[in-house]
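Asks: Below is the sequence, then the predicted model.
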Amino acid sequence: MRKIIPFIIKLSAMLMVISVISSQVSATKGDVERALELLKQARAAIGGESAINSVQNLSINGKARRQIKIAEQGEKQLNGEFEMNLMLPDRLIKMEKLMLGTPGEAGRTQASEDKIKIRDARVKIVRAGDAPAQIQAHMQQHERSEIARYMLGLLLTPPPSFNATYNYLGEGNVEGARADIIEAQGAGNFVLKIYLDKSTHLPLMMSYQGTMPRIMINKHIGADGVPGVIEEDEDVIVIRRHKDEEEGASADKQPFTELLPAPEKAEIQVRFSDFRSVGGVLLPHTLTQIVNGTVDTVWTVDRYEINSPNINEKFNNEKFKQDVMIRSKQN
């Protein structure tokens, strides 16, 4: 009898383990199915699969309002314009032109083709398209992640070339509204949380781990009007800007470089509101970016354009192209 009891106990424990594993597998499968069903409802809410799938490119123009901290000046508000152009399968350009409200000009430019990876070694000036293969690969991965975020946030659908998996995480709250939370994962450690309104199924917010935004204040910039390029997620960043020569010298603009430390990691949230129909798709006309719990930028959209026939001109426009500095390994 003594031998039977331990055997029964061990068998019961084994059955309990099997039961727990089975329930975990079942729950995971159910969470995936729940996520897919909620995404289906959300796509229907913003216009339906047909309208969403017809979007091959998207241009966004509007006003930007950004809060920054300036050494010895405290909190300042920058106001200006922003533009974003997205073209499937893998092209994205974002640009902001912001004014501080003084004779000096402030700007932050993100041009996807001019982002670079920078490491210690020799410095040279190149166009991003001429950068070494490993740098190009890094830029392309960063760009793919950015495109996937905006496609999933705005259209609830990733680009055709981006394989995403989904999981239902549970319920949350966005400014008092109950929300279902779906997590999307993809290549390159891509993780994005999408918050869907429980009653309307509209996307309320997306969140992800990113880096603290950088702002460059320039009192003197060159005739091209471009303040510089910033690449995130690197140990050291080199930017190339232009400044006037000293008074009395030649009027030519001189390039100079600046080394910046790696940006801090941050929790980035982008909240969506003021939905209006554009080409049969409901799109948010106010996007609020929150960094580590503090409002960083508010983008107010004046105009969306879906499937612009002139989208290629945007990517060939010189205002988006800049000389950049890269550091290549010493020989």
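Replies: Noted; the coordinates are in hand. What you see is a predicted model, and the numbers here were worked out from it, not measured in a lab.
Asks: sec struct for Asn167, please.
Replies: strand (DSSP: H, G, I helix; E, B strand; the rest coil).
Asks: and Lys117, what pLDDT?
Replies: At Lys117, the pLDDT value in this model is 31.
Asks: oh, I was asking about Pro255
Replies: pLDDT recorded at Pro255 is 43.
Asks: and if you look at Gln141?
Replies: With respect to pLDDT, Gln141 scores 73.
Asks: Next up, the contacts around it.
Replies: Counting by CB atoms under 8 Å, 6 or more residues apart in numbering, Gln141 touches Ala187, Gly188. Heads up, the C-betas are built off the backbone N, CA and C, glycines and all.
Asks: Ok, Thr165 next?
Replies: Counted by CB under 8 Å, 6+ apart, Thr165 has contacts Val32, Ala184, Gln185, Gly186.
Asks: From Leu283, how far out is it?
Replies: The gap separating Thr165 from Leu283 is 25 Å, by CB to CB, to the nearest Å.
Asks: swap in Lys40?
Replies: For Lys40 relative to Leu283 (CB to CB), the value is 19 Å.
Asks: higher neighbour count, these two?
Replies: For Lys40 versus Leu283, neighbours defined as other CB atoms under 10 Å are more numerous around Leu283 (22 against 13).
Asks: The closest residue in space to the more buried one that isn't next to it in sequence pairs with what?
Replies: The spatially closest residue to Leu283, leaving aside those adjacent along the chain, is Tyr304, at 5.6 Å (CB to CB, 6 or more residues apart in numbering). Note on Tyr304: beta-bridge partners Ile60, judged by DSSP bridges.
Asks: what about the strands in the stretch 1-150 of the chain?
Replies: 57-70, 74-87, 91-99, 105-111, 122-126 (DSSP state E, counting those that start in this stretch).
Asks: quick one: Ala177 and Pro203 touch, right?
Replies: No: counting by CB atoms under 8 Å, Ala177 sits too far from Pro203 to count as a contact (11.4 Å).
Asks: Start and end of stretch 147-157, how far apart?
Replies: Chord length of stretch 147-157, first to last residue, is 11 Å (CA to CA, to the nearest Å).
Asks: Tell me which residues are up against that stretch.
Replies: 39, 42-43, 46, 52-53, 55, 58, 84, 86, 90-92, 158-159, 162, 164, 184, 186, 190, 192, 194, 203, 206, 208, 270, 272, 281, 283-284.
Asks: hmm, try it at 7 Å
Replies: Outside stretch 147-157, the residues within contact range by CB atoms under 7 Å, 6 or more residues apart in numbering are 39, 42-43, 46, 52, 55, 86, 90, 92, 158-159, 162, 184, 186, 190, 192, 194, 203, 206, 208, 270, 283.
Asks: Please convert the buried members of those residues into PyMOL selection syntax.
Replies: Here is the PyMOL command that selects the buried residues among these (16 or more other CB atoms under 10 Å):
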select buried, resi 39+42+43+46+52+55+86+90+92+158+159+162+184+186+190+192+194+203+206+208+270+283
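Asks: Quick one: low-confidence residue ranges for the stretch 1-150 of the chain.
Replies: The stretch 1-150 of the chain contains residues with pLDDT under 70 at 1-30, 70-73, 100-139.
Asks: The residue nearest to Leu283: neighbour count?
Replies: Once other CB under 10 Å is used to define contacts, Tyr304 is seen to have 19 neighbours.
Asks: Identify the residues contacting it.
Replies: Applying CB under 7 Å, 6+ apart to Tyr304 gives the contacts Leu58, Ile60, Val278, Leu283.
Asks: cool, Asp197 as well?
Replies: Ala177, Ala179, Leu204.
Asks: Wait, a helix at the second one?
Replies: No: counting by three-state DSSP, Ala179 falls outside a helix, being strand.
Asks: which residue packs closest to it, ignoring adjacent ones?
Replies: Leaving aside its sequence neighbours, Ala179 sits nearest to Tyr195 (CB to CB, 6+ apart; 4.1 Å).
Asks: for the host helix or strand of that neighbour, what is the average pLDDT?
Replies: Under the criterion of DSSP states H and E, Tyr195 resides in strand 190-197. Mean per-residue pLDDT for strand 190-197: 98.
Asks: Quick check: beta-bridge partners of Phe272?
Replies: Beta bridges link Phe272 to Leu287, judged by DSSP bridges.
Asks: Surely it and Gln289 touch.
Replies: No: the pair Phe272 and Gln289 does not pass the contact test of CB atoms under 7 Å, sitting 10.9 Å apart.
Asks: which of those two has more neighbours?
Replies: Higher neighbour count among Phe272 and Gln289: Phe272, with 22 against 18, using other CB under 10 Å.
Asks: gap between the more buried one and Glu175?
Replies: Distance, Phe272 to Glu175, using CB to CB: 11 Å.
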